[in-house]
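Chemist: this is a predicted model, with the sequence first.
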Number of protein chains: 2
Amino acid sequence: MKQLQTVSGTKAAPPPRAAQTSPLERLSQALKGDLASVNAIILDRMQSDIPLIPQLAGHLIAAGGKRIRPVMTLASAALFGYDGGRQHKLAACVEFIHTATLLHDDVVDESDQRRGKASANALFGNEAAVLVGDFLFSRSFQLMVEDGSLDVLRILSNAAAVIAEGEVLQLSTANNIETTEEQYLDVISAKTAELFAAACEVGAVVAGRDPAECRAMREYGAYLGLAFQISDDVLDYAASEELLGKSLGDDFKEGKMTLPVIKALKNATPEEKAFWERCMGALEQKDGDLAQAVRLFERHNAIGRSLEQARGYAKKGIQLLKDLPQNALRKDLEDLIVFAVERQY
Amino acid sequence: MKQLQTVSGTKAAPPPRAAQTSPLERLSQALKGDLASVNAIILDRMQSDIPLIPQLAGHLIAAGGKRIRPVMTLASAALFGYDGGRQHKLAACVEFIHTATLLHDDVVDESDQRRGKASANALFGNEAAVLVGDFLFSRSFQLMVEDGSLDVLRILSNAAAVIAEGEVLQLSTANNIETTEEQYLDVISAKTAELFAAACEVGAVVAGRDPAECRAMREYGAYLGLAFQISDDVLDYAASEELLGKSLGDDFKEGKMTLPVIKALKNATPEEKAFWERCMGALEQKDGDLAQAVRLFERHNAIGRSLEQARGYAKKGIQLLKDLPQNALRKDLEDLIVFAVERQY
C-alpha cells in the first residue's frame, strides 16, 4: 500500500526494488566480521548472575532487530579506514541504549507485540521490563567507561538525555490533535534521530577525524534518523503486514500523532477534524476507522507528502557525505538513506 | 513499637534518644554550604524545555528526602579536608541516580504513596515516571562526564548496573517465602548498599586519597547502607506512622521478603508457615493479618534479631573508620551508622 501511495500521490517516486539486496544488508555483509564482534560483546555483556536479565534481554535481542544503529557506528569508522577495534564495544553500547529504550517504550505503550513477537513486558511483566531496561542502560555506560574516551562519553550521555526528553515530549503530544509538524519533528529528532546521529559521530571520533568530518557524520546520522522514523510512521499505515512483521495501525490505536495524521489534519474539513478528534484524541475507535483514516490520507495525499519530506532529508544527508572519503562504503551510506525512505518494511 | 521490640527482644539496646539532634541533622548542618550548592545543582540540572520533567522531578525532590546519599559524598570529601567543589556535582549525581531508582521502584511496586505524599506515578502516570526516571539517570551521567574523572565514572556506572541487578533480583524473591537470608542480603547489598558505598568512595576519590582509604570509605558506606536498609525494613512494621511519614505494612501488603519475615520463618511452625505463605506468597490478606505478623515477630524475636544483625554491621562500619582522619566529621560518621539502626523514623 505504501507503494500505491507513493505512485498515486507524489512526484519522483523511485521504481520499486523488491527481491533486491537492501543497502542495509550490503553494509551488514561488508561489515560482517565487525558485526560478529559486536554481537559477541552484546551476548557477553548482557549476562548477569540474575537469570531473568539475560532471559529478558535475550528475548529482545534474539527478536532480531536490524541492528541498524550499531551498523552505523561500524560503517562510520570503516568509512574513515579505522579498524582499531574500539568501534565494536561502542556499537554494542549504542545497541544497549536502543534496547533499553525499546523496553521502556513498550511499558509506556503497553505494547503486547514487538517485531511480530510478544513484547518483553507482555511476557515478563512491566516491572522486569523497566528494571532490565535500567540494567542495559547502565551496562552501556560501563562499556563507554571501559572505552575511556571522554569525548565519546559526552556524545553518548548527551544522546541518552535527549532521547529521554524526546520520549517525555512524545507523551505530551499523544492524543493531542493540535500537535504541529514542528512538535512532531522535535519528538522524532530527539527520540530517534539523536541516537542515529551519535552512533555515526562516534565512528568518526574513534577514527580520530577532524571536527568538520565528525560533524558531517553526525548530521548525516540525524537526517538518516528523521528519514527512517518518518518512513516507520508511514509504514504503520501503509506497509505489507507480512513484510513488516507486525500488525498495522498500532500508532492509530494509541492515538500517536505522526506526520501523516498531522498532514491530513492541516486542511481537514470540520467533519474530518471531528473524526480525528474522536479516534486520536478520545481514542473512541470502531471497526472501519483505520480504513477511513487511510482514505483521508489519500484525499490529502498525506502519505505522499510525508515521504516527500523524508526524501528531502535523505537528499540533505547525501549532501553531507560529499567531502568524506569516496569509497564503496560511502556509496552504501548514500543508498541507505534513500532506502530508509523507500523501504516497504 | 520498634523501640518496644528492641527493649524486649535484644541485648544492648541503646537508650532512646528522642527530641535530640540526629547525626544526619548534625552532618547536614556542618555541611550546610556544600548542601546548598548541591541543591542548586539539582534544581538547575533537573530543568528541561519539556515542562513535565521539572514538574515530576520537582515533585519527588520537593517531597524532601533526607538527602542522606549526597550528604555521604560531601561528608567523605570533607573528612579528608577536600573543598575543591567537585564533590557538589557528584553528590547531585548520586541523588539523581537515587531519584531515578525511586521513580522506577514506585512503578514496579505500583505504590501510590512515597514519603507520605502521593507518588509520582500515581500523580503523573507510570509512563511519565519511567521516562523522567530515564532522564534523571542520563542527566546523572552527563554530570559525571562533566566532572571528567574516569575513576569516578567507573565507580558510579558500576553502581548503577549493580543497583539495577539488585532490583531485578528483588523481583524474583518477592512473594517467595523460601527466600534465604543470603538472598535478602544479596538484594539489599545491590539495591541499597552499593549506592551508599559509591557515594562515600567518590568523596575520597575526589579528595585524592590513597586506595586503602578510598576502599575503607567505600566499605564503611556499604555497611551504612546495610544497616540503613535493615532498619528501613524493620520500620515498615515497627515505626510510629507519624514519625515515619508513611503508612506501615507496605512491604507486608506487597509480599516483600524482608529480614524480619525471613527470621520469623526460620523456626516457624507449619501453621505459621501457612500464614506466611497465604499472606506473602499468595497475597491473600485480610484484616488482622498485619497484627498477626507482628505477633509472630515477637514470638520469634524477629525484629530484635534483625536489629542485632544491623548493629553488627554498624560496628564493622565504625571499625573501618579507625585509620581515617580523626575529626568532628569522623565522630558524626560513627554516630550516623548507629543512628541508621536505632532511628525511630
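Modeler: Great, that's in hand.
Chemist: next secondary structure after the helix or strand of chain A at the bottom of the mean pLDDT ranking?
Modeler: Lowest by mean pLDDT, DSSP states H and E among the helices and strands of chain A is helix A:2-9, with a mean of 38. Following helix A:2-9 in sequence order, the next helix or strand is helix A:23-30 (DSSP states H and E).
Chemist: what is the subsequent helix or strand relative to that next one?
Modeler: Next element after helix A:23-30 (DSSP H and E): helix A:32-45.
Chemist: get me the contact residues on the stretch 151-300 of chain A for chain B.
Modeler: Residues of the stretch 151-300 of chain A lying near chain B by CB under 8 Å from any CB of the partner chain: A:153-154, A:157-158, A:160-161, A:163-165, A:167-169, A:171-172. Where C-beta positions appear, they are placed from N, C-alpha and C, glycine not excepted.
Chemist: point out the least confident one among the residues you listed.
Modeler: Lowest pLDDT within these is found at A:S172 (86).
Chemist: that one in helix, strand or coil?
Modeler: Assigned with DSSP: H, G, I helix; E, B strand; the rest coil, A:S172 falls in the helix class.
Chemist: neighbour-wise, which of the residues of the stretch 151-300 of chain A next to chain B leads?
Modeler: A:A164 (29 neighbours; other CB atoms under 10 Å in any protein chain shown).
Chemist: please, which helix or strand holds that residue?
Modeler: Element membership for A:A164 (DSSP H and E) is helix A:150-173.
Chemist: using PDB, write out the CA atom coordinates for that helix.
Modeler: The C-alpha trace of helix A:150-173 is given here as PDB (Å, rounded to 0.1, in the frame of the first residue of the first chain):
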ATOM      1  CA  LEU A 150      35.500  11.400  27.500                       C
ATOM      2  CA  ASP A 151      34.500  12.700  24.000                       C
ATOM      3  CA  VAL A 152      32.600   9.500  23.300                       C
ATOM      4  CA  LEU A 153      31.100   9.600  26.800                       C
ATOM      5  CA  ARG A 154      29.900  13.100  26.200                       C
ATOM      6  CA  ILE A 155      28.300  12.300  22.900                       C
ATOM      7  CA  LEU A 156      26.500   9.200  24.200                       C
ATOM      8  CA  SER A 157      25.400  10.500  27.600                       C
ATOM      9  CA  ASN A 158      24.000  13.600  25.900                       C
ATOM     10  CA  ALA A 159      22.200  11.300  23.400                       C
ATOM     11  CA  ALA A 160      20.700   9.400  26.300                       C
ATOM     12  CA  ALA A 161      19.400  12.500  28.000                       C
ATOM     13  CA  VAL A 162      18.000  13.900  24.700                       C
ATOM     14  CA  ILE A 163      16.200  10.600  23.900                       C
ATOM     15  CA  ALA A 164      14.600  10.600  27.400                       C
ATOM     16  CA  GLU A 165      13.400  14.100  26.800                       C
ATOM     17  CA  GLY A 166      12.000  13.200  23.400                       C
ATOM     18  CA  GLU A 167      10.100  10.300  24.900                       C
ATOM     19  CA  VAL A 168       8.600  12.600  27.600                       C
ATOM     20  CA  LEU A 169       7.700  15.200  24.900                       C
ATOM     21  CA  GLN A 170       6.000  12.400  22.900                       C
ATOM     22  CA  LEU A 171       3.800  11.600  25.900                       C
ATOM     23  CA  SER A 172       2.600  15.200  25.800                       C
ATOM     24  CA  THR A 173       1.800  15.200  22.100                       C
END
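Chemist: packing partners for the helix or strand containing A:D105?
Modeler: Assigned by DSSP H and E, A:D105 belongs to helix A:86-109. The helices and strands touching helix A:86-109, judged by 3 or more CB pairs under 8 Å, 6 or more residues apart in numbering or on different chains; DSSP states H and E, are helix A:32-45, helix A:52-62, helix A:68-79, helix A:120-124, helix A:126-147, helix A:150-173, helix A:194-206, helix B:126-147.
Chemist: just the buried residues of the first one, please?
Modeler: Buried residues in helix A:32-45, counting neighbours by 16 or more other CB atoms under 10 Å in any protein chain shown, are found at A:D34, A:L35, A:S37, A:V38, A:N39, A:I41, A:I42, A:R45.
Chemist: picking that back up, what angle do the helix or strand that the helix holding A:A164 is followed by and helix A:150-173 make?
Modeler: Next in sequence after helix A:150-173, counting helices and strands by DSSP H and E, comes helix A:181-188. Helix A:181-188 runs at 130 degrees relative to helix A:150-173, counting by axes from the mean of the first three to the mean of the last three CA atoms, to 10 degrees.
Chemist: what does helix A:181-188 rub up against?
Modeler: The contact list for helix A:181-188 (CB atoms under 8 Å, 6 or more residues apart in numbering or on different chains) reads A:166, A:169-170, A:173, A:225-226, A:229-230, A:233, A:257-259, A:262-263.
Chemist: any stretches of chain A with poor pLDDT?
Modeler: By pLDDT under 70, the low-scoring segments of chain A are A:1-19, A:62-65, A:108-117, A:240-247.
Chemist: next one: the longest helix seen in it to chain centre, how far?
Modeler: Of all segments of type helix in chain A, defined using DSSP state H, the longest is helix A:211-238. Relative to the centre of its chain, helix A:211-238 is centred 8 Å away, using CA atoms, centre = their mean, to the nearest Å.
Chemist: picking that back up, JSON lines please, covering the helices and strands packed on helix A:86-109 and showing distance to B:Q183.
Modeler: Output for these, formatted as JSON lines (distance: least, CB to CB, whole Å):
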{"stretch": "helix A:32-45", "distance to B:Q183": "24"}
{"stretch": "helix A:52-62", "distance to B:Q183": "14"}
{"stretch": "helix A:68-79", "distance to B:Q183": "35"}
{"stretch": "helix A:120-124", "distance to B:Q183": "20"}
{"stretch": "helix A:126-147", "distance to B:Q183": "17"}
{"stretch": "helix A:150-173", "distance to B:Q183": "32"}
{"stretch": "helix A:194-206", "distance to B:Q183": "37"}
{"stretch": "helix B:126-147", "distance to B:Q183": "25"}
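Chemist: out of those, nearest to A:I97?
Modeler: Proximity to A:I97 (CB to CB) singles out helix A:126-147 among the helices and strands packed on helix A:86-109, at 5.0 Å.
Chemist: just how off-centre is that closest one within its chain?
Modeler: Taking CA atoms, centre = their mean, the mean C-alpha location of helix A:126-147 is offset from the chain mean by 19 Å.
Chemist: got it, and stretch A:263-276?
Modeler: Relative to the centre of its chain, stretch A:263-276 is centred 28 Å away, using CA atoms, centre = their mean.
Chemist: how many other residues sit next to A:R69?
Modeler: A:R69 is flanked by 24 other residues according to other CB under 10 Å.
Chemist: before we move on, back to that, by neighbours, which of the contacts of helix A:181-188 wins?
Modeler: Within the contacts of helix A:181-188, most neighbours by other CB under 10 Å means A:G225, with 30 neighbours.
Chemist: ok, it touching A:A199?
Modeler: No - the criterion here is CB atoms under 8 Å, and A:G225 misses it with A:A199 at 9.0 Å.
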